[in-house]
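K.L.:
I would like to see how this sequence folds:
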Amino acid sequence: MSSPLDRPLKIELKLPSSHPQLLEGLDIWLRLGLISDAQVRQLCREYLVCAVVFQAQTEPEQQVTFATSDPVQQSAVTMLRGTSIGKPPQPTKPNIVATMLQSLGAELSVRWLLFLGVFLVVVSSGVLAASQWEKFPASGQYGVLFAYTLSFWGLSFWAGKQNNLRLTAQTLLIVALLLVPVNFWAMDSFRLWQNPLDWLTVAIASPILTFITVLLCNNRTFTHLPTGKLPLINILGLSYLHWGWKLPGFPFIAVYLATIGTTIITVYLNRLIERRGDAGTRRWGDAGTRGDFDENELNENQNEQRFGLGISLYAVVIIYALLVLLVRAIFVARVDVTQLGLAIGICGWLITWLAQRGREQGRQGERGAS
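P.N.:
Have a look, this model is predicted:
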């Protein structure tokens, strides 16, 4: 017969299942023997169990590390790290907007924008030279053109000292060079020969413009123009021929002097280069044409920098100066076009001949490179 002390005690406890000391109390009771392990498991299954929703998890890609000192193997490892091993990279769909913007950026490059600026400046300068401002004196009217010609020249030297503005410096130098004949046109168009103030303006502007032309032609870094007396005389002569157009018949004479003289000088220079091209770097040997002209350097520069129709920068400058003279003679001086037919034909032949030579030199350069 059992004693009253052997009867089991029934203790009821009401605790929330989220009580922080619940599991710790059960563990203490388990160690003291007040509760069995089976009872603890039963309590946990009944009151401490909740439903768990499992989500699909992707296994992280295993990164393979290679230790190598070979630079070729290192580049291969870098390429393998960019893509998952064993899985070909999936092509991404092209973005239509990004493709359109990229194409537009390729078309509207910095070079073409700079050339557009050159065109606008040259055209506006021609309009300024051809028009007459009634509100300002002649020296003041010309001073505007002369001032921003000097501005382009000064900005070109500032940009030339900047490492990241090489193309801008080159473009500004070309603009300043193309503005020189327009300045001489403006001097004659504004009739700067009537009073001492205008004479002083001509006396200051003419040497400065000549000095600028000499510096630009000798600047091998940006302009790639041939050095020497003949090319320089040709460029300066095309500018100074804008003087004296008020004399009867001089526009007709100036146009023919420019076209015939430029054609003779250009053909002579190119023929001399062909005869002495295989002899290395030489100087002009004749006493009348002795100077700093470097034939191989001219060939190299013509092959390096070419513009429309495959012609060099030097050809672009002289053709531009000839066209300025023709435009002034036809549309401003009102010279009969039939009288200038031979000059127009010579100018057209010169452009065609220079373009043909440019294409031939380009093909020779490609064959030499291959």
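
K.L.:
okay, the helix or strand that contains residue 44 in PDB with CA atoms only?
P.N.:
Assigned by DSSP states H and E, residue 44 belongs to helix 37-47. C-alpha atoms of helix 37-47 as PDB (Å, rounded to 0.1, in the frame of the first residue of the first chain):
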ATOM      1  CA  ASP A  37      12.800  14.400 -21.700                       C
ATOM      2  CA  ALA A  38       9.700  12.900 -23.300                       C
ATOM      3  CA  GLN A  39       7.500  15.400 -21.500                       C
ATOM      4  CA  VAL A  40       9.700  18.300 -22.700                       C
ATOM      5  CA  ARG A  41       9.500  17.100 -26.400                       C
ATOM      6  CA  GLN A  42       5.700  16.800 -26.000                       C
ATOM      7  CA  LEU A  43       5.300  20.300 -24.700                       C
ATOM      8  CA  CYS A  44       7.500  21.600 -27.500                       C
ATOM      9  CA  ARG A  45       5.500  19.800 -30.200                       C
ATOM     10  CA  GLU A  46       2.200  21.000 -28.800                       C
ATOM     11  CA  TYR A  47       2.900  24.600 -27.900                       C
END
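
K.L.:
Average pLDDT for it, rounded please.
P.N.:
What helix 37-47 shows for mean pLDDT is 80.

K.L.:
what's that helix packed up against?
P.N.:
helix 22-32 (3 or more Cβ pairs under 8 Å, 6 or more residues apart in numbering; DSSP states H and E). In this view, the C-beta of every residue, glycine as well, is placed from N, C-alpha and C.

K.L.:
buried stuff in the helix it packs on?
P.N.:
For helix 22-32, burial by neighbour count (16 or more other Cβ atoms under 10 Å) applies to 22, 26.

K.L.:
which secondary structure elements does that helix contact?
P.N.:
helix 37-47.

K.L.:
Give me the angle between the helix it packs on and helix 22-32.
P.N.:
Counting by axes from the mean of the first three to the mean of the last three Cα atoms, to 10 degrees, helix 37-47 lies at 160 degrees to helix 22-32.

K.L.:
Help me confirm that residue 235 comes into contact with residue 212.
P.N.:
No - between residue 235 and residue 212 there is no contact under Cβ atoms under 8 Å: 11.2 Å.

K.L.:
Tally up the residues packed near residue 169, please.
P.N.:
Other residues lying near residue 169 total 20 when counted by other Cβ atoms under 10 Å.

K.L.:
Same question for the one 4 residues further on.
P.N.:
Residue 173: 25 surrounding residues under other Cβ under 10 Å.

K.L.:
Phi, psi for residue 19 please.
P.N.:
phi -60, psi 130 (degrees, to the nearest 10).

K.L.:
One more: residue 312?
P.N.:
According to degrees, to the nearest 10, residue 312 has phi -80, psi 170.

K.L.:
now it, which residues is it bridged with?
P.N.:
Beta bridges link residue 312 to residue 306 when assigned by DSSP bridges.

K.L.:
That one: how many residues sit nearby?
P.N.:
Around residue 312 there are 23 residues (other Cβ under 10 Å).

K.L.:
Just the pLDDT at it, thanks.
P.N.:
The model reports residue 312 with a pLDDT of 78.

K.L.:
hang on, residue 181 packs against residue 240?
P.N.:
No - look at residue 181 against residue 240 with Cβ under 8 Å: they stay out of range, at 9.0 Å.

K.L.:
Which one of the two is surrounded by more residues?
P.N.:
residue 181 (29 against 14).

K.L.:
contacting residues for that one?
P.N.:
238-239, 242, 320-321, 324-325 (Cβ atoms under 8 Å, 6 or more residues apart in numbering).

K.L.:
mind running it again at 7 Å?
P.N.:
Residue 181 makes contact with 238-239, 242, 321, 324 under the criterion Cβ atoms under 7 Å, 6 or more residues apart in numbering.

K.L.:
And for residue 245?
P.N.:
When contacts are taken as Cβ under 7 Å, 6+ apart, residue 245 is in contact with 188, 251, 254, 333.

K.L.:
okay if I get those as TSV plus pLDDT and distance to residue 359?
P.N.:
Below are the contacts of residue 245 laid out as TSV (pLDDT from 0 to 100; distance: Cβ to Cβ, whole Å):
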residue	pLDDT	distance to residue 359
188	93	37
251	95	34
254	96	32
333	93	35
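
K.L.:
Would you mind writing the ChimeraX command to select the buried ones in those residues?
P.N.:
Listed next is the ChimeraX selection for buried residues among the contacts of residue 245, using 16+ other Cβ under 10 Å:
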select :188,251,254,333
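
K.L.:
Could you list the buried residues of stretch 198-218?
P.N.:
Quick answer for stretch 198-218 (16+ other Cβ under 10 Å): 198, 201-202, 205-206, 209, 212-213, 216-217.
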